[in-house]
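# requesting a structural model of the entry that follows:
(chains A and B)
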Amino acid sequence: SAVISQKPSRDICQRGTSLTIQCQVDSQVTMMFWYRQQPGQSLTLIATANQGSEATYESGFVIDKFPISRPNLTFSTLTVSNMSPEDSSIYLCSVEGVVDSGNTIYFGEGSWLTVV
Amino acid sequence: KNQVEQSPQSLIILEGKNCTLQCNYTVSPFSNLRWYKQDTGRGPVSLTIMTFSENTKSNGRYTATLDADTKQSSLHITASQLSDSASYICVPDSGGYNKLIFGAGTRLAVHP
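So this is what the prediction gives:
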């Protein structure tokens, strides 16, 4: 299984500021993803982080609000820009992996952001 | 519209007891079904993954079943432990990692 480290694990942010979340994987992976989980809600895919090219964003998410970098096969960052209280969520980095008979998705421990 | 419904929404059981969590989904096309365990404030941890042709998959005290015809899955937990207290999330997909549909989860509390 892949070991995924996220920083920060938790932060309290001021409205209007931006915060960059880092995701480091212990092995090279092709696919890296960023998810958001708002309080009491299920996970929602923000974007697929592509190595060497622009990220692919899901409906409702835009690059200006959530810029993503993927400089190599083990590292990615997600920035939450111009934060508002509605951005208070757990942000999760995930990667694909192979287990038993199928592929699965491994998640990092998450970055819990509270915007005040 | 792709949807996932999990039941019950929450459940309290005593340590040592068994329980079964249910998942109904309307995902088309359907490829795989995953179950995850998520502790509060932490990232989800994979428990099982089944392809559309598999009926059951076990991982220790966790056993998942799948009926692709009726679009139902269940997760059975045997001899529950206090550490089983978490949310359990059912995740069918229609092919492709950007096509995972996450259920709202069942919140399980195991009491001594």
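# output the contacting helices and strands for the helix or strand hosting B:Leu33.
Secondary structure assignment for B:Leu33, by DSSP states H and E: strand B:32-38. Applying 3 or more Cβ pairs under 8 Å, 6 or more residues apart in numbering or on different chains; DSSP states H and E, one finds that strand B:32-38 makes contact with strand A:102-107, strand B:19-26, strand B:45-51, strand B:62-67, strand B:72-77, strand B:86-93. In short, each C-beta sits where N, CA and C put it, glycine included.
# show me what the residue of chain A found nearest chain B is bridged to.
Per Cβ to the nearest Cβ, the residue of chain A with the smallest distance to chain B is A:Phe107, at 3.6 Å. Beta bridges link A:Phe107 to A:Ser94, judged by DSSP bridges.
# show me what contacts it?
Counting by Cβ atoms under 8 Å, 6 or more residues apart in numbering or on different chains, A:Phe107 makes contact with A:Ile4, A:Tyr35, A:Leu92, A:Cys93, A:Ser94, B:Tyr36, B:Gly43, B:Pro44, B:Val45.
# look up phi and psi at A:Pro85.
phi -60, psi -30 (degrees, to the nearest 10).
# who's in contact with it?
A:Arg15, A:Val115, A:Val116.
# just among these, which is most surrounded?
Most neighbours among these, by other Cβ atoms under 10 Å in any protein chain shown: A:Val115, with 19 neighbours.
# SS state for the residue most central in space within chain A?
By Cα atoms, centre = their mean, chain A has its centre lying nearest to A:Trp34, at 3.1 Å. Following DSSP: H, G, I helix; E, B strand; the rest coil, A:Trp34 is assigned to strand.
# B:Gln81: neighbouring residues, count only.
Neighbours of B:Gln81 (other Cβ under 10 Å): 11.
# still on that earlier bit, which of the contacts of A:Phe107 sit farthest apart?
Spatially, the most separated pair among the contacts of A:Phe107 is A:Cys93 and B:Tyr36, at 15.0 Å (Cβ to Cβ).
# neighbour-wise, which of the two wins?
Neighbour count, other Cβ under 10 Å: between A:Cys93 and B:Tyr36, A:Cys93 has more, with 28 against 25.
# quick check: which element contains the nearest residue to the more buried one once chain neighbours are set aside?
Excluding the flanking residues, the one nearest A:Cys93 by Cβ to Cβ, 6 or more residues apart in numbering or on different chains is A:Cys23, at 3.4 Å. According to DSSP H and E, A:Cys23 maps onto strand A:19-25.
# tell me what angle the helix or strand bottoming out on mean pLDDT in chain A forms with strand A:19-25.
Within chain A, confidence by mean pLDDT, DSSP states H and E is lowest for strand A:102-107 among all helices and strands, at a mean of 78. Between strand A:102-107 and strand A:19-25, the angle comes out at 140 degrees (axes from the mean of the first three to the mean of the last three Cα atoms, to 10 degrees).
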